[in-house]
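S.K.: Kindly return the folded structure for what I paste below:
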Amino acid sequence: MGGLQCLAGLALACSSAGALTLPDAGSAAALRGQHTRLKQELQHNAFGRPLVLRSTESADGLSGDIYAVVAHPFAKVGTGMKSPEHWCEVMILHINTKYCHAMAEPQGTTLRVHIGKKTPQEIADVTRVDFRYRETISTRTYFAITLTAKDGPLGTSNYRIRLEAVELPGQQSFLHLTYAYDVGLAGRLAMQTYLATVGADKVGFTLVSPGGNAPPIHVAGVRGVVERNTMRYYLAIDSYLASQREPPATQLEHRLQSWFSAVERYPRQLHEVERSDYLAMKRAEVLRQQTLY
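M.R.: Now for the predicted structure:
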């Protein structure tokens with residue numbers, strides 16, 4: 001079951017509609033236009049914050065996107081996120097991430113990420129995925145970063161993570177986070193097993209109609225997996241950025257506490273372990289990141 005939980009952990013915000021690929025570069029104007037189009041949803045939603053979550057499923061993959069206004073100046077967002085090392089500090093907050101280390105290599109920077117269960121594990125027992133880091137565009141008011149990986153566990157491949165951000169008035173920023181992968185037959189069979197066992201009672205955030213006169217229900221299945229993990233990673237980014245206001249000596253503890261408090265705002269979807277267990281596990285995993293595996 002560990003491999004299935006690993007696959008579910010990687011399926012955090014999968015965006016893949018067959019041959020869909022993420023564009024290398026957007027623009028400040030395009031992202032501001034999206035902000036304008038989503039204005040009403042950002043102001044009125046079930047999340048209690050200016051956030052819009054999208055997810056879709058196709059024959060070959062899944063997709064998840066988060067659009068959010070954050071109370072962080074654009075310059076601070078850029079300083080925080082335009083760094084491979086900082087991405088590792090973000091990714092380790094996710095409950096399924098066991099290890100992350102940025103490697104400078106001749107072909108560019110690689111993030112060596114290990115994904116596993118929601119409980120403590122040895123590095124030898126988890127799955128490694130190598131993401132190539134690229135800053136695809138950066139201007140005074142806009143940037144886009146992509147992380148790509150060729151292979152993942154259990155029949156998954158072609159992972160793409162993308163974060164773009166644009167400056168907003170009032171010392172705020174507008175973020176768009178996407179995480180994508182392709183999934184083959186083996187991956188779908190593994191996910192079906194997960195959803196029929198330990199993931200059977202889990203749901204996402206989107207309300208869908210079951211048909212007839214029945215009231216809307218929360219989406220389940222693989223879209224639920226995508227939505228839960230998309231939210232976990234968005235909250236990791238927001239918690240990391242918020243921690244940068246703290247003294248360096250207290251930043252790690254601040255973001256660990258902040259991330260757990262944030263996910264507990266949505267217990268139906270995101271509660272997995274108790275705070276003390278999460279904190280003990282993550283403190284040990286952060287310490288382990290000082291060693292190269």
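S.K.: Helices along the stretch 151-293 of the chain, start to end?
M.R.: Listed in chain order, the helices found in the stretch 151-293 of the chain under DSSP state H, counting those that start in this stretch are 185-196, 221-243, 248-263, 267-270, 275-288.
S.K.: Next, format the ones you listed as TSV and append distance to Asn45.
M.R.: All C-beta atoms are positioned from the backbone trio N, CA, C, and that covers glycine. Shown next, in TSV, are the helices of the stretch 151-293 of the chain (distance: least, CB to CB, whole Å):
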stretch	distance to Asn45
helix 185-196	26
helix 221-243	12
helix 248-263	16
helix 267-270	14
helix 275-288	26
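S.K.: got JSON lines for those, with mean neighbour count too?
M.R.: Shown next, in JSON lines, are the helices of the stretch 151-293 of the chain (neighbours: other CB atoms under 10 Å):
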{"stretch": "helix 185-196", "mean neighbour count": "16"}
{"stretch": "helix 221-243", "mean neighbour count": "24"}
{"stretch": "helix 248-263", "mean neighbour count": "17"}
{"stretch": "helix 267-270", "mean neighbour count": "14"}
{"stretch": "helix 275-288", "mean neighbour count": "15"}
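S.K.: ok, Gln257 - contacts?
M.R.: Leu279 (CB atoms under 8 Å, 6 or more residues apart in numbering).
S.K.: how close does it get to Gly108?
M.R.: Here Gln257 is placed at a distance of 34 Å from Gly108 (CB to CB, to the nearest Å).
S.K.: Arg288 against Ile123, yeah?
M.R.: Yes: between Arg288 and Ile123 there is a contact at 7.5 Å, judged by CB atoms under 8 Å.
S.K.: Which stretches in the stretch 51-200 of the chain count as strands?
M.R.: With DSSP state E, counting those that start in this stretch as the criterion, the stretch 51-200 of the chain has strands at 51-57, 61-70, 97-105, 108-115, 127-138, 142-151, 156-168, 172-183.
S.K.: Which strands or helices does the last one pack on?
M.R.: Strand 172-183 sits against helix 28-37, strand 61-70, helix 74-81, strand 156-168, helix 221-243, with contacts defined as 3 or more CB pairs under 8 Å, 6 or more residues apart in numbering; DSSP states H and E.
S.K.: Could you quantify the relative orientation of it and strand 156-168 as an angle?
M.R.: Interaxial angle, strand 172-183 versus strand 156-168 (axes from the mean of the first three to the mean of the last three CA atoms, to 10 degrees): 170 degrees.
S.K.: With the fifth one instead?
M.R.: With the same axes, to 10 degrees as the criterion, the two stretches strand 127-138 and strand 156-168 enclose an angle of 40 degrees.
S.K.: Pull up the pairing partners for strand 127-138, direction included.
M.R.: strand 108-115 (antiparallel), strand 142-151 (antiparallel) (DSSP bridges).
S.K.: Could you export those strands to a markdown table, including columns for mean neighbour count?
M.R.: Output for the strands paired with strand 127-138, formatted as a markdown table (neighbours: other CB under 10 Å):
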| stretch | mean neighbour count |
| --- | --- |
| strand 108-115 | 20 |
| strand 142-151 | 20 |
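S.K.: Nearest to Ala75, out of those?
M.R.: Ala75 lies closest to strand 142-151 among those, at 10.8 Å (CB to CB).
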